[in-house]
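**Q** Structure here, sequence nowhere to be found:
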């Protein structure tokens, strides 16, 4: 029988949102995980809040209010951590989580993780996930990519990190922006082995050529 501590750990995910473009991916992933009954520990960098303001009209000066507006009905499952709170629960390896997803992930955050730098809660939590041999998923959002970006991704991939670039598909003929966002969120859920119905899979209802 699984004890309550182990069961709780299996229900916890860390979601990090950085200052890369594509903050909607992180917000949507958080929403889906909460709707499926998981607990989400959310970390948003200062640059991430700036991008939320630019891309989604979030009011960065009213952070708690914005989180309540978007995730209020799951308030008991959402734990928001300040980016500067290096002493938060998720900064310790003794606090067990199932996985961490950084979506979108800026090249600066990627470089810090690849270099073992833990100057803030985002990179510290990622470092903890790596050292405890838990699942780390990174959704990089940058184009074009230069050699340093690629080298950092390769370094992390060789350590077992799942690199899931924000590259939506079009075979299922998305009709809205939400469709393309859900495709990427669904790909992350696939990596986490979480069942979902966010996009139509190839081969479903299709005849052979």
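**A** Received, thanks. Computed from a prediction, not measured in an experiment: that's the story for all the values here.

**Q** Where in this structure is the helix or strand with the lowest mean pLDDT?
**A** helix 4-10 (a mean of 61; mean pLDDT, DSSP states H and E).

**Q** Can you name the next helix or strand after that one?
**A** As assigned by DSSP states H and E, the chain's next helix or strand after helix 4-10 is strand 12-17.

**Q** That next one packs against which elements?
**A** Applying 3 or more CB pairs under 8 Å, 6 or more residues apart in numbering; DSSP states H and E, one finds that strand 12-17 contacts helix 23-35, strand 39-44, strand 99-105, helix 121-131. In this view, the C-beta of every residue, glycine as well, is placed from N, C-alpha and C.

**Q** Would you mind giving the ones you listed as JSON lines with mean pLDDT, distance to residue 163 and mean neighbour count added?
**A** Formatted as JSON lines, the helices and strands packed on strand 12-17 follow (pLDDT from 0 to 100; distance: least, CB to CB, whole Å; neighbours: other CB atoms under 10 Å):
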{"stretch": "helix 23-35", "mean pLDDT": "97", "distance to residue 163": "14", "mean neighbour count": "22"}
{"stretch": "strand 39-44", "mean pLDDT": "98", "distance to residue 163": "19", "mean neighbour count": "23"}
{"stretch": "strand 99-105", "mean pLDDT": "98", "distance to residue 163": "9", "mean neighbour count": "27"}
{"stretch": "helix 121-131", "mean pLDDT": "98", "distance to residue 163": "13", "mean neighbour count": "22"}
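
**Q** hey, where'd the helices end up in the chain?
**A** 4-10, 23-35, 46-56, 63-71, 107-114, 121-131, 147-158, 177-191 (DSSP state H).

**Q** shaky segments in this structure?
**A** Scanning the chain for pLDDT under 70 picks out the ranges 1-7, 204-209.

**Q** if I pick the nearest residue to residue 74 once chain neighbours are set aside, what's in contact with it?
**A** Residue nearest to residue 74 in three dimensions, not counting chain neighbours: residue 34, with 3.9 Å by CB to CB, 6 or more residues apart in numbering. Residues in contact with residue 34 (CB atoms under 8 Å, 6 or more residues apart in numbering) are 40, 71, 74, 77, 78.

**Q** how much space between the last one and residue 95?
**A** Here the criterion is CB to CB, to the nearest Å. By it, residue 78 lies 16 Å from residue 95.

**Q** More neighbours: which of those two?
**A** Comparing residue 78 with residue 95 by other CB atoms under 10 Å, the one with more neighbours is residue 78, at 21 against 16.

**Q** How much space separates the closest residue in space to residue 14 that isn't next to it in sequence from residue 84?
**A** Sequence neighbours aside, residue 100 is the residue nearest to residue 14 in space, at 3.9 Å (criterion: CB to CB, 6+ apart). According to CB to CB, residue 100 stands 18 Å off from residue 84.
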